[in-house]
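Novice: based on what follows, work out the 3D shape:
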Amino acid sequence: MTGPHILVRGAGVAGMVTAVALAEHGAQVTVHDTGGRVGAGASWFAGGMLAPWCEAESAPDEVTQDSLTSLDWWKTHVPDVMQAGSLVVAPPRDTPELARFGRRTSHFETIGVERIRTLEPDLEDRFDKALFFAEEGHVDPRKALQALADRLVQNGGTLLSQHPADEALFDWIVDCTGVAARNFQSDLRGMRGEMVLLRCPEITLHRPIRMLHPRIPVYIVPRDNSVFMVGATMVESDDTRAITVRAITDLLNAAYTLHPAFAEAELLEANAGLRPAYPDNVPRVRREGNRISLNGMYRHGFLLSPARAREVCDIIFGTDRA
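Specialist: Predicted coordinates for the structure are as follows:
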């Protein structure tokens, strides 16, 4: 007896995690994305941080609790998951921001110059104090999405470049199309985010660095081959234009503040995208008949997709076997 035939719309992180989870439950899964490839939307520009305790600074308790098993899920499903923690720093003039961040979070230790030097030698003498969240990790979103695509195919799933001719052939349809779903979800909005990719062989970082600033806090995430992702602005806007000059300037200034060597970095990419979000910024799963929506990932796509995918599996299979 074969499992249910399920169409997953959207090949971003929510769609791919859900597709893999469904396939592992025995479903016959087909994934389609109007962009024609895996990661054609906002997930391609994500930081890939698996940081439940850092995100608790601005996220509700529900987000924190639902994300605690995220790192373990990713470690069992894709290669090259890094678990070196997160480091939160602030320029000397913004040290009060560090104290505020600490009051809103937990599961960290406050460290000084010597420990900062041990963790990140290239930040030696750059900062007097930092918060170290040792239990957190990160992935490279682009590699992770492709690894999920490969895993889906290995589990008998299908990736389509064209929309299926007849959706009635599927037992279930799971919509993970992000901001495109605004056409039928009036409470869904776009949250604009902008990022840059830099190559800087002069610097080595071993973990994501969050640098606090009252106006534009940023994160710098290390990737392979001396590449760093710097992001991301958070703008309440449905603006789909390319990245603005102001955003590029802010992000590059932040990188330079972290370390002056970034002044000589090679600018590989500058991009913008729209994250989907509900009014409370909490992702949710909705059902209407045999149609399920998983949306509103906001800035928590990689962090919360495993938990929300379990909800989808629970609806379809009647019990959470993930």
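Novice: every contact and neighbour count from this point should use C-alpha atoms.
Specialist: Fine.
Novice: in stretch 251-264, what's buried?
Specialist: Buried residues in stretch 251-264, counted by 16 or more other C-alpha atoms under 10 Å: 251, 252, 254, 255, 257, 258, 262.
Novice: now, which of the residues you listed sits nearest residue 243?
Specialist: residue 251 (11.0 Å; C-alpha to C-alpha).
Novice: secondary structure element for the closest one?
Specialist: Assessed by DSSP states H and E, residue 251 sits inside helix 245-258.
Novice: who are the packing partners of that helix?
Specialist: Using 3 or more C-alpha pairs under 8 Å, 6 or more residues apart in numbering; DSSP states H and E as the contact test, the elements touching helix 245-258 are strand 189-199, strand 218-222, strand 227-231.
Novice: for the record, mean pLDDT for the first one?
Specialist: Averaged over strand 189-199, pLDDT sits at 95.
Novice: equivalent analysis for the second one, please.
Specialist: When pLDDT is averaged along strand 218-222, the result is 96.
Novice: where in the stretch 101-250 of the chain is pLDDT low?
Specialist: Counting by pLDDT under 70, the stretch 101-250 of the chain has no low-confidence residues at all.
Novice: could you list every residue that touches residue 256?
Specialist: Residue 256 makes contacts with 262, 263, as judged by C-alpha atoms under 8 Å, 6 or more residues apart in numbering.
Novice: how much space between it and residue 45?
Specialist: Using C-alpha to C-alpha, to the nearest Å, we find residue 256 at a distance of 21 Å from residue 45.
Novice: residue 150 too?
Specialist: For residue 150, the distance to residue 45 - C-alpha to C-alpha - is 20 Å.
Novice: ok, residue 29 next?
Specialist: 25 Å.
Novice: which one of those two is surrounded by more residues?
Specialist: Set side by side, residue 29 and residue 45 show more neighbours around residue 29, with 28 against 25, by other C-alpha atoms under 10 Å.
Novice: pretty sure that one is in a strand, no?
Specialist: Yes: the assignment for residue 29 (DSSP: H, G, I helix; E, B strand; the rest coil) places it in a strand.
Novice: do I have it right that residue 234 meets residue 192?
Specialist: Yes: in this structure, residue 234 is within contact of residue 192 by C-alpha atoms under 8 Å, at 5.9 Å.
Novice: tell me where the stretch 51-200 of the chain has helices.
Specialist: Taking DSSP state H, counting those that start in this stretch as the test, the helices found in the stretch 51-200 of the chain are 52-55, 61-66, 70-75, 95-104, 113-119, 141-154.
Novice: buried deepest among those helices, which one?
Specialist: Of all those, helix 52-55 carries the top mean neighbour count, a mean of 24, counting by mean count of other C-alpha atoms under 10 Å.
Novice: what's the spatially closest residue to residue 192 that is not a sequence neighbour sitting at in phi/psi?
Specialist: Nearest non-adjacent residue to residue 192, counting by C-alpha to C-alpha, 6 or more residues apart in numbering: residue 274, 4.5 Å away. In terms of degrees, to the nearest 10, the main-chain angles of residue 274 are phi -110, psi 120.
Novice: and residue 274, how many neighbours?
Specialist: Residue 274 has 27 nearby residues by other C-alpha under 10 Å.
Novice: does it touch residue 42 like I think?
Specialist: Yes: between residue 274 and residue 42 there is a contact under C-alpha under 8 Å: 6.0 Å.
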